[in-house]
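Visitor: with the sequence up front, the predicted model follows.
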Amino acid sequence: MRNIPFVDLKAGFAPIKAEVMRAIEETLTGMNLNIGPNCQAFEQEFAAYCGAEYAVGVGSGTEALQFALLAAGVKPGDEVITSPHTFFATAEAIACIGAVPVFVDIDPGTYTIDPDLIEAKVTSKTAAVIPVHMYGQCADMFRINEIAQKHGLAVIEDACQAHGALYQGKKSGALGSAGCFSFYFTKNLGAYGEGGIVTTNDSAIAEKVRLYRNHGHTSKYEHAVIGYNGRLDEIQAAILRIRLRLLDEYNSRRRAHAAGYQRMLNGLPLVLPEEAETRQHVFHLYVIRSAERDRLMAYLTEKGIGTGIHYRNPVHLQPAMSYLGYTEGSVPVAEKACAEILSLPMYPELSLDDTTYIAEAVRAFYRIQGKA
Ligand SMILES: Cc1ncc(COP(=O)(O)O)c(C=O)c1O
């Protein structure tokens, strides 16, 4: 039996080990560790990659969201519209700055916020929208920006799963008021620790994020606002510079694996990922839907295949969000998706042998039941 893990960080590290170890050594030899040369260079390189004017490195994707919201002027008591089909941190960041998450359902094809449902949730307290580019595919930014403009809302992209994803030929991170990225180590662009960044074309937002990430520090001994200790670590920045150069290659390998899965799983009673017109998916996760999800998952585990669920419970039904008063059935499309989704292994280092073995196992599961 094969053993194919859900992610394989060691396989990603091996080919760049020598370069990474050299970069760590150089960084530690220089000992310029507080927003040092690697952090500054990486900010410029990542802004250029996204086609944004500015990028400000921070400690995590969660901090990126918090600082971008604050920099966009979101205040305690303001409402921020987002989707509950996301990692908990999207709504957590809203709540942590004292604002109120307002959940809007998703489009079932792309798993991103349904623009048709946004306007009904806009009130006099709404200050921003956070579209989440789920699994590596951008939300419908044209429609979202149109609504935001009409109501004077900031648009903060949660691009934590979508480094390099395209929408109408433009990269994620350059599609709204600000873009927020995570460099958690499993992401398409991952550090070997924690990290995040905010991208923007707005110099005032960039300047404020710089303040918030560094205790509101304006000059020696002077602090203009109450901020955070939320800087991007210099060693992680050095590693990210190496990995950024490989991001397009990593993403094209992910897309090739997705195309292979798509071909090999075609015709089964499954819903396969959908790439919307004018968007380019970067497949942070390859998520299928099955009415028999839990049994399929158990079968694949028996065959030595690692899988995941992203995510099993929608955010509006999490105990920590119960104060908001959502109940089962309040966001039905997202709730149904949570019960059926299954993430198959997806990383650049998979081989065709691996994806063939995985697809064949899925096919066998349905064959045993007389459904393939
Ligand atoms: C959609 C989404 N938003 C926010 C985050 C938070 O990022 P981090 O873990 O770097 O704080 C993540 C990643 O984990 C994510 O997937």
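Guide: Arrived safely.
Visitor: can you confirm Cys180 is in a strand?
Guide: Yes: read with DSSP: H, G, I helix; E, B strand; the rest coil, Cys180 is one of the residues of a strand.
Visitor: ok, it - contacts?
Guide: Gly61, Ala64, Leu65, Ala68, Ile156, Glu157, Asp158, Ala159, Cys160, Gly196, Ile197, Val198 (CB atoms under 8 Å, 6 or more residues apart in numbering). Heads up, the C-betas are built off the backbone N, CA and C, glycines and all.
Visitor: among these, which are within reach of the ligand?
Guide: Filtering the contacts of Cys180 for neighbours of the ligand using CB under 6 Å from any ligand atom leaves Gly61, Asp158, Cys160, Gly196.
Visitor: thinking again about what came up before, let me have the contacts of Cys180 in a markdown table, extended by secondary structure, neighbour count and pLDDT.
Guide: As requested, the contacts of Cys180 are arranged in a markdown table below (DSSP: H, G, I helix; E, B strand; the rest coil; neighbours: other CB atoms under 10 Å; pLDDT from 0 to 100):
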| residue | secondary structure | neighbour count | pLDDT |
| --- | --- | --- | --- |
| Gly61 | helix | 27 | 98 |
| Ala64 | helix | 34 | 99 |
| Leu65 | helix | 32 | 99 |
| Ala68 | helix | 32 | 98 |
| Ile156 | strand | 30 | 99 |
| Glu157 | strand | 32 | 99 |
| Asp158 | strand | 31 | 99 |
| Ala159 | coil | 31 | 99 |
| Cys160 | coil | 29 | 98 |
| Gly196 | strand | 29 | 99 |
| Ile197 | strand | 32 | 99 |
| Val198 | strand | 33 | 99 |
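Visitor: could you dump those to CSV with distance to Thr307?
Guide: Formatted as CSV, the contacts of Cys180 follow (distance: CB to CB, whole Å):
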residue, distance to Thr307
Gly61, 23
Ala64, 28
Leu65, 27
Ala68, 32
Ile156, 31
Glu157, 28
Asp158, 24
Ala159, 24
Cys160, 21
Gly196, 27
Ile197, 29
Val198, 32
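Visitor: nearest to Asp78 among those residues?
Guide: When the contacts of Cys180 are compared for distance to Asp78 (CB to CB), Ile156 wins out at 12.3 Å.
Visitor: thinking again about what came up before, let me know the closest of the contacts of Cys180 to the ligand.
Guide: Closest to the ligand out of the contacts of Cys180 is Gly61 (2.5 Å), distances taken as CB to the nearest ligand atom.
Visitor: how about the closest one: what's its closest non-neighbour residue?
Guide: The shortest distance from Gly61 to any non-neighbouring residue, by CB to CB, 6 or more residues apart in numbering, is to Ser182 (2.6 Å).
Visitor: please name the residues that touch that neighbour.
Guide: Residues near Ser182 by CB under 8 Å, 6+ apart: Ser60, Gly61, Thr62, Ala64, Cys160, Gln161, Gly195, Gly196.
Visitor: pull out the CA atoms of stretch 332-341 and give them to me as CSV.
Guide: Only the C-alpha atoms of stretch 332-341 are listed here, as CSV (Å, rounded to 0.1, in the frame of the first residue of the first chain):
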residue,chain,number,x,y,z
PRO,A,332,-27.7,27.2,4.1
VAL,A,333,-25.4,26.9,1.1
ALA,A,334,-22.3,27.2,3.3
GLU,A,335,-23.8,24.7,5.8
LYS,A,336,-24.5,22.1,3.1
ALA,A,337,-21.0,22.5,1.7
CYS,A,338,-19.4,21.9,5.1
ALA,A,339,-21.2,18.5,5.3
GLU,A,340,-19.9,17.3,1.9
ILE,A,341,-16.5,18.8,1.2
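Visitor: ok, and for that stretch, which residues are buried?
Guide: By 16 or more other CB atoms under 10 Å, the buried positions in stretch 332-341 come out as Val333, Ala334, Glu335, Ala337, Cys338, Glu340, Ile341.
Visitor: the last one pairs with what?
Guide: If I follow you right, that is Ile341. Bridge pairing for Ile341 (DSSP bridges) gives the partners Arg289.
Visitor: so it touches Arg289, yeah?
Guide: Yes: the criterion here is CB atoms under 8 Å, and Ile341 meets it with Arg289 at 5.6 Å.
Visitor: where does the stretch 101-250 of the chain dip in pLDDT?
Guide: Scanning the stretch 101-250 of the chain for pLDDT under 70 picks out nothing.
Visitor: which residues of it lie near the ligand?
Guide: Going by CB under 6 Å from any ligand atom, the residues of the stretch 101-250 of the chain near the ligand are Val132, Asp158, Cys160, Gln161, Ser182, Tyr184, Gly196.
Visitor: any chance of the buried residues of stretch 332-341 in JSON lines, plus distance to the ligand, pLDDT and secondary structure?
Guide: Below are the buried residues of stretch 332-341 laid out as JSON lines (distance: CB to the nearest ligand atom, whole Å; pLDDT from 0 to 100; DSSP: H, G, I helix; E, B strand; the rest coil):
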{"residue": "Val333", "distance to the ligand": "18", "pLDDT": "98", "secondary structure": "helix"}
{"residue": "Ala334", "distance to the ligand": "14", "pLDDT": "98", "secondary structure": "helix"}
{"residue": "Glu335", "distance to the ligand": "18", "pLDDT": "98", "secondary structure": "helix"}
{"residue": "Ala337", "distance to the ligand": "15", "pLDDT": "98", "secondary structure": "helix"}
{"residue": "Cys338", "distance to the ligand": "15", "pLDDT": "98", "secondary structure": "helix"}
{"residue": "Glu340", "distance to the ligand": "19", "pLDDT": "98", "secondary structure": "helix"}
{"residue": "Ile341", "distance to the ligand": "14", "pLDDT": "98", "secondary structure": "strand"}
